[in-house]
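[1] show me how the following folds:
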Amino acid sequence: MNRLKELRKERGYTQIKMQLLTGIDQSDYSKIESGKRYYTFEQCKKIAVALNTSMDYLAGLTDIKEAYPKSK
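    Reported below is the predicted structural model:
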């Protein structure tokens, strides 16, 4: 989960800010970041939106940090 923590810090967000943006409890978010807990699909989606990235980036499937363009 290093990507998750690095991206959060790049954005200048705290874990509390992530809680506010995603609705994921800070203690649960901390466990996700440290790899002690896996996130659900819905949690991953919320985190990706909050950090303006893609779920693929969070999963390590791409090295492109930017979010995909929204479809119209």
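[2] surely Ile16 and Gln26 touch.
    Yes: counting by Cβ atoms under 8 Å, Ile16 does reach Gln26; the two are 5.6 Å apart. Any C-beta I mention is one placed from the backbone N, CA and C, and that applies to glycine too.
[3] what's around Lys46, how many residues?
    17 (other Cβ atoms under 10 Å).
[4] now swap in Gly12 and tell me
    With other Cβ under 10 Å as criterion, Gly12 counts 7.
[5] so where do the helices sit in this structure?
    2-10, 15-22, 26-34, 41-50, 55-59 (DSSP state H).
[6] just put the ones you listed in CSV and tack on mean pLDDT and distance to Ala67.
    Formatted as CSV, those follow (pLDDT from 0 to 100; distance: least, Cβ to Cβ, whole Å):
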stretch, mean pLDDT, distance to Ala67
helix 2-10, 94, 11
helix 15-22, 97, 14
helix 26-34, 95, 19
helix 41-50, 96, 7
helix 55-59, 94, 8
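[7] ok, the spatially most central residue of the chain - contacts?
    Here the mean C-alpha position of the chain is nearest to the C-alpha of Ile47 (Cα atoms, centre = their mean), at a distance of 3.4 Å. By Cβ atoms under 8 Å, 6 or more residues apart in numbering, the contact list for Ile47 reads 4, 18, 22, 24, 32, 39, 58.
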